[in-house]
Structures are given as C-alpha cells and as structure tokens.
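**Student:** Sequence first, then the predicted structure:
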Amino acid sequence: MVVLHGIDPNDSSAYDGEAKSSLAPSLPLEATAPAACGDQNFRIGLGSDRDQDLNLGLGSDLLPDRH
C-alpha cells in the first residue's frame, strides 16, 4: 500500500484551496506543489538468487540539475 500525503501551506488541516499558486494564481497551491511527483514503481524479486529491490520513481527527473 502507498499512502501519499500532500502539503498544507496554510495549516488548515484540509486541501481547501485558500493559498493560491505562485505558478498559476487561478489554481490552489496544493494543486501545483504536490508532495510526491511522478510514477511510483515497485519491483520485488522472486528469490535470493534474483534481484530484490524496491524501485521508487518519485519524480527525481523533475529535480533541477545540480551539475
């Protein structure tokens, strides 16, 4: 099971849309600043002789290039 929690920029304990996005003021901040972006991919191997990994693609492709 994967549980994703968003952000609550105005501490209202709800996704209420009160805080406006700086990217698109017609949208709520909660819609344009998600807590987790991208695909969540899970892959678990079938035995000790095979790869066993947990591959989480959590939007790392969206991070700025630090080079």
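**Tutor:** That came in fine, so what should we check first?

**Student:** where does residue 24 sit relative to residue 11, distance-wise?
**Tutor:** In this view, residue 24 and residue 11 are 22 Å apart by Cβ to Cβ, to the nearest Å. All C-beta spots, glycine's among them, are computed from the backbone N, C-alpha and C.

**Student:** same question, residue 28
**Tutor:** As judged by Cβ to Cβ, residue 28 and residue 11 stand 15 Å apart.

**Student:** try residue 32
**Tutor:** As defined by Cβ to Cβ, residue 32 lies at a distance of 18 Å from residue 11.

**Student:** Please say which of these two ends up with more neighbours.
**Tutor:** More neighbours surround residue 32 than the other of residue 32 and residue 11, with 12 against 7 (other Cβ atoms under 10 Å).

**Student:** contacting residues around that one?
**Tutor:** Shown in contact with residue 32 (Cβ atoms under 8 Å, 6 or more residues apart in numbering): 21, 23-24.

**Student:** Also residue 29?
**Tutor:** 7, 9, 19-22.

**Student:** Show the buried residues in those.
**Tutor:** Neighbour counting with 16 or more other Cβ atoms under 10 Å marks 19, 21 as buried within these.

**Student:** For the contacts of residue 29, give me TSV that also has pLDDT.
**Tutor:** Below are these laid out as TSV (pLDDT from 0 to 100):
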residue	pLDDT
7	73
9	74
19	83
20	86
21	85
22	85
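
**Student:** Could you provide the contacts of residue 29 in TSV, with additional columns for secondary structure?
**Tutor:** Shown next, in TSV, are the contacts of residue 29 (DSSP: H, G, I helix; E, B strand; the rest coil):
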residue	secondary structure
7	coil
9	coil
19	coil
20	strand
21	coil
22	coil
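
**Student:** so who does residue 27 touch?
**Tutor:** Counting by Cβ under 8 Å, 6+ apart, residue 27 makes contact with 20-21.

**Student:** Find the residue ranges of this protein scoring beneath the pLDDT cut-off.
**Tutor:** 1-6, 34-67 (pLDDT under 70).

**Student:** Looking at the contacts of residue 32, which one is closest to residue 15?
**Tutor:** Set against residue 15, the nearest of the contacts of residue 32 by Cβ to Cβ is residue 21 (12.8 Å).
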